[in-house]
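Colleague: Predicted model and sequence below, questions to follow.
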There are 2 protein chains.
Amino acid sequence: MKVGIIGIGHSKFGRRDDVTVQELAYEPFVEALNDSGIQRQDINATIIGGSPVYMTQRSISGPVTEYLGLNPQPVWLTEAACSSSAVALRTAYALIKAGMHEIVLVLGVQKMLENPTSEILKIMGRSGDVQWEAPYGTTFANYYAMYATSHMAKYGTTSEQLAAVAVKNHHYGALNPLAMFQKEITIQKALESRIIASPLHLFDCCANADGSAALIVANEEKAKQFSDTPIWVSGLGAATAPFSLLTRPELSTLSSAVEASRIAYTQAKVEPSNIDVAEVHDCFTIAEIMAYEDLGFTERGKGGKFAEEGETYVGGTIPVNVDGGLKAKGHPVGATGCSQVYGIVKQLRGEAGKSQVDGAEIGLTHNVGGHGQYCVVHLFTR
Amino acid sequence: MKVGIIGIGHSKFGRRDDVTVQELAYEPFVEALNDSGIQRQDINATIIGGSPVYMTQRSISGPVTEYLGLNPQPVWLTEAACSSSAVALRTAYALIKAGMHEIVLVLGVQKMLENPTSEILKIMGRSGDVQWEAPYGTTFANYYAMYATSHMAKYGTTSEQLAAVAVKNHHYGALNPLAMFQKEITIQKALESRIIASPLHLFDCCANADGSAALIVANEEKAKQFSDTPIWVSGLGAATAPFSLLTRPELSTLSSAVEASRIAYTQAKVEPSNIDVAEVHDCFTIAEIMAYEDLGFTERGKGGKFAEEGETYVGGTIPVNVDGGLKAKGHPVGATGCSQVYGIVKQLRGEAGKSQVDGAEIGLTHNVGGHGQYCVVHLFTR
């Protein structure tokens, strides 16, 4: 039995002081409902991806479910840091495949900007090791700065190559009305921006954001009943890497991404070269370059060159983050996994407008949690 | 294909300043591993039930997985307030039933006492409605005080009947070396204890705690391979009730519990009268009385009398919380769901010692999240 996505919705990402978390969840929910053609009473359960620690309202599943009119159906939240809503989709897939539910709503919803930046920095840092690493200053920019340093030292990756990722993603962000940032930038502007954690400049970093995205997931029968263009989940990989940097043999790769993609490719019986379009977790520009290599899109060590040569633009070897990525869309941590899937579903339906990859049939999402201790890779087909 | 529990472990509940969250997770993990006879490399995935908002270490799945030696297997956390680890078991069941994994570790782990009581009160209160209710003082004791007031007004339930629940649960807690409190109390002592939120006295309330419990869950083939006494999950119900008290037609019942148990009974093809032993969510004594009624153990409105007449002691109509319940064990919110299952597995295996219900064949767990917006009911058979 196949599992398909039959409805999608996506809020505007950015500063959303205009809405409560319930209202923020409602926006993509209604869009996904209308997109799917189902009624809310057709939904058997809801899985919410989100990181509860940033929000004044705790245990958001209760208020969100009531606000969406989904009582008495069950709901719970899944959390794996920045990959929280990718594991929500994985959970929904399991519930449907197990025959426990027919149609499940997957909702990534996150408010972060209720907190001042200094607070977000600390809350996020506490997803790293609070005992042995945080006391030495390991905010998230610092983790990825170490990865960049390692990648530069080992492979000669340059700041210009990192900037090329930012330029591409801002280029596509400018085409995405839901993105937080809709301005093109230049290599020069990126390189001249201030250092956040050396060697990472401001434009190497994605921004904290509020946002939400929704997916309506159905079993094969219901998917065919309600949709002419269901997008099938064809491969699911999830893996972990050691949490402590000390125990990682290598800082220029995420072993969780290598393993998660291996599992997903095996299940879907595809090779990296078969992927038509991908959404990867570019929380920092170096993360996208590492993803190119970890996912097998290019050879180990060649990720910087791959970016620089434009291979991941539409028309290149493999278009990546052509919706703007975390970099331009903003990164509401619990919503990002669903936002990535939204982008891929649009592509596989042929509804991606100016960013459309012609004839895209196989898509991939790569959602990293924390500093790589979690990685979830999904494959999708038309 | 059936899904069974083949290994269980349980830490000492209470103040556990002696361990980090990783170390706290390790205790029941090793016990469950030894109990099951599997090796750690046989575990395909881990689902952690826990409420991240109480702990200094955020996103605990990463550090716990590394500490337990379970990389690179996937892990994520499930959250539904106090029913977080019941939904973890539900998730594991789905993953196994879907054929995605063969053996899954379910771990309920929670540290709360890192925070002063005043902070816990506030954090927990924020699982209620922070916009419309919390500003008016709805801590958790207050929610349940309103339920008690309603139950008393409608059915004539008395403070003595509430106290009878506390006396029973402390009686069994005194027999459970893992319980936070191991002292018998009297009706008089309970009634003389100070008012926390009228009509609830101190002894009507469970205590915040640190603690952990682990379950090793396997598909039918692996369960039979590794265990002579697998305990099968025979029914799973989960449901929600409206979040806002304003939208609930009735405060003396939890509609989520009624609905979740209905689903579980239907799946397992049993009636309430078939249940040999139950663990119910007695966060407050009134909650246990409501559970008797919501689960169909006694008639609506007769819960107080049912407690007073000793019907839920071993030897009574249906023994409930004969491991001490949340009331005497303590309530580490994310661990409670697994702790309840631990108690039922012990009973169905005939390993419950002085609290053993002779010949118990069918067991039930009832795990409520928040002030009843979530409820998860599981049924188990030998």
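Modeller: Here it is on my side, so go on.
Colleague: After the lowest-mean-pLDDT helix or strand in chain A, which helix or strand is next?
Modeller: Lowest by mean pLDDT, DSSP states H and E among the helices and strands of chain A is helix A:117-125, with a mean of 88. Downstream of helix A:117-125, the first helix or strand assigned by DSSP states H and E is helix A:140-155.
Colleague: from the chain's centre, how far out does that next one sit?
Modeller: Mean C-alpha position of helix A:140-155 versus that of the full chain (Cα atoms, centre = their mean, to the nearest Å) differs by 21 Å.
Colleague: in the sheet, who's paired with A:Asp210?
Modeller: A:Gly14 (DSSP bridges).
Colleague: and it, what is it in contact with?
Modeller: By Cβ atoms under 8 Å, 6 or more residues apart in numbering or on different chains, the residues touching A:Asp210 are A:13-17, A:19, A:24, A:110-113, A:332. Placement of C-beta: from N, CA and C, glycine included.
Colleague: As CSV, these with secondary structure would be great.
Modeller: Shown next, in CSV, are those (DSSP: H, G, I helix; E, B strand; the rest coil):
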residue, secondary structure
A:Phe13, coil
A:Gly14, strand
A:Arg15, coil
A:Arg16, coil
A:Asp17, coil
A:Val19, coil
A:Leu24, helix
A:Gln110, strand
A:Lys111, coil
A:Met112, coil
A:Leu113, coil
A:Pro332, coil
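Colleague: For burial, what's the neighbour tally of the residue lying closest to A:Leu121 once chain neighbours are set aside?
Modeller: Once flanking residues are discounted, A:Leu121 sits nearest to A:Thr139: 5.4 Å by Cβ to Cβ, 6 or more residues apart in numbering or on different chains. The number of residues packed near A:Thr139 is 17, by other Cβ atoms under 10 Å in any protein chain shown.
Colleague: Can you show me the strands along the stretch 251-382 of chain A?
Modeller: Assigned by DSSP state E, counting those that start in this stretch, the stretch 251-382 of chain A shows strands spanning A:277-280, A:362-369, A:374-381.
Colleague: The closest residue to A:Ala207 other than its chain neighbours and chain B: what is the separation?
Modeller: Residue nearest to A:Ala207 in three dimensions, not counting chain neighbours: A:Gly330, with 5.0 Å by Cβ to Cβ, 6+ apart. A:Gly330 is 20 Å from chain B, where distance means Cβ to the nearest Cβ, to the nearest Å.
Colleague: Surely A:Gly330 and A:Met180 touch.
Modeller: Yes: the pair A:Gly330 and A:Met180 qualifies as a contact (Cβ atoms under 8 Å) at a distance of 3.3 Å.
Colleague: tell me, what's touching those two both at once?
Modeller: Contacts common to A:Gly330 and A:Met180, judged by Cβ under 8 Å, 6+ apart, are A:13-14, A:207, A:209, A:211.
Colleague: For A:Tyr144, give me the pLDDT.
Modeller: At A:Tyr144, the predicted lDDT confidence score is 98.
Colleague: can you pull the contacts of the residue in the stretch 201-350 of chain A that chain B sits nearest to?
Modeller: As assessed by Cβ to the nearest Cβ, chain B sits closest to A:Ala238 within the stretch 201-350 of chain A, at 3.6 Å. Counting by Cβ under 8 Å, 6+ apart, A:Ala238 touches A:86-87, A:90, A:260, A:263, A:374-377, B:45, B:74, B:76.
Colleague: if we can go back for a sec, show me the two of the shared contacts of A:Gly330 and A:Met180 that sit farthest apart.
Modeller: Farthest pair in the shared contacts of A:Gly330 and A:Met180 (Cβ to Cβ) is A:Ala207 and A:Gly211. Separation: 10.8 Å.
Colleague: Those two - which one has more neighbours?
Modeller: When A:Ala207 is set against A:Gly211 and neighbours are counted by other Cβ under 10 Å, the residue ahead is A:Gly211, at 33 against 20.
Colleague: Who are the contact partners of the more buried one?
Modeller: With Cβ under 8 Å, 6+ apart, A:Gly211 has these contacts: A:11-14, A:16, A:24, A:109-110, A:180, A:329-330, A:332, A:335, A:339.
Colleague: Go again with 10 Å.
Modeller: Counting by Cβ atoms under 10 Å, 6 or more residues apart in numbering or on different chains, A:Gly211 touches A:10-16, A:24, A:27-28, A:108-113, A:178-180, A:329-336, A:338-339.
Colleague: which among those residues end up buried?
Modeller: For the contacts of A:Gly211, a neighbour count by 16 or more other Cβ atoms under 10 Å in any protein chain shown gives the buried set as A:10-14, A:16, A:24, A:27-28, A:108-113, A:178-180, A:329-336, A:338-339.
Colleague: pLDDT score assigned to A:Val53?
Modeller: pLDDT recorded at A:Val53 is 85.
Colleague: Measure how buried the spatially closest residue to A:Ala218 that is not a sequence neighbour is and give me the count.
Modeller: Leaving aside its chain neighbours, A:Ala218 sits nearest to A:Ile103 (4.7 Å; criterion: Cβ to Cβ, 6+ apart). For A:Ile103, the count of nearby residues is 21 (other Cβ under 10 Å).
Colleague: Surely A:Ile103 is in contact with A:Asn219?
Modeller: Yes: using Cβ atoms under 10 Å, A:Ile103 is in contact with A:Asn219, at 7.6 Å.
Colleague: list the residues that contact both of these two?
Modeller: A:Ile96.
Colleague: circling back: secondary structure element holding the residue of the stretch 201-350 of chain A closest to chain B?
Modeller: Per DSSP H and E, A:Ala238 falls inside strand A:231-240.
Colleague: Same question for that strand: list its buried residues.
Modeller: Using 16+ other Cβ under 10 Å as the test for burial, strand A:231-240 gives A:231-240.
Colleague: Alpha carbons of it, as CSV, please.
Modeller: Taking Å, rounded to 0.1, in the frame of the first residue of the first chain, the C-alpha atoms of strand A:231-240 are listed here in CSV:
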residue,chain,number,x,y,z
ILE,A,231,2.6,12.7,-4.6
TRP,A,232,3.8,9.4,-3.3
VAL,A,233,6.3,9.0,-0.4
SER,A,234,8.7,6.5,-2.0
GLY,A,235,11.6,6.4,0.4
LEU,A,236,12.1,7.2,4.1
GLY,A,237,15.4,7.3,5.8
ALA,A,238,16.2,8.5,9.3
ALA,A,239,19.5,8.2,11.2
THR,A,240,21.5,9.8,14.0
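Colleague: Parallel or antiparallel, list what pairs with it.
Modeller: In the sheet, strand A:231-240 lines up with strand A:3-10 (antiparallel), strand A:374-381 (antiparallel) (DSSP bridges).
Colleague: so how far is stretch A:341-348 off the chain centroid?
Modeller: Stretch A:341-348 has its average C-alpha position 12 Å from the chain's average C-alpha position, going by Cα atoms, centre = their mean.
Colleague: Can you give me every residue that contacts A:Ala264?
Modeller: A:Ala264 neighbours (Cβ under 10 Å, 6+ apart): A:233-239, A:270, A:295, A:364-366, A:376-379.
Colleague: residue furthest from the geometric center of chain A?
Modeller: Distance to the chain centre peaks in chain A at A:Pro72, reaching 29.5 Å (criterion: Cα atoms, centre = their mean).
Colleague: so that one touches B:Val258, yeah?
Modeller: Yes: assessed by Cβ under 10 Å, A:Pro72 is found in contact with B:Val258 at 9.0 Å.
Colleague: Residues that sit against both of those two, list them.
Modeller: B:239, B:241, B:375.
Colleague: residues contacting the residue lying closest to the last one once chain neighbours are set aside?
Modeller: To tie it back to what came earlier, the one meant is B:Cys375. For B:Cys375, ignoring the flanking residues on the chain, the nearest one in space by Cβ to Cβ, 6+ apart is B:Ser256 at 3.7 Å. Counting by Cβ under 10 Å, 6+ apart, B:Ser256 makes contact with A:62, A:71-72, A:74, B:83, B:237-242, B:294, B:368-370, B:372-377.
Colleague: so A:Lys354 touches A:Lys346, yeah?
Modeller: No: at 11.7 Å, A:Lys354 and A:Lys346 do not qualify as touching, with contact defined as Cβ under 10 Å.
Colleague: More neighbours: those two, which one.
Modeller: Taking other Cβ under 10 Å, A:Lys354 and A:Lys346 do not tie; A:Lys346 has more neighbours (21 against 10).
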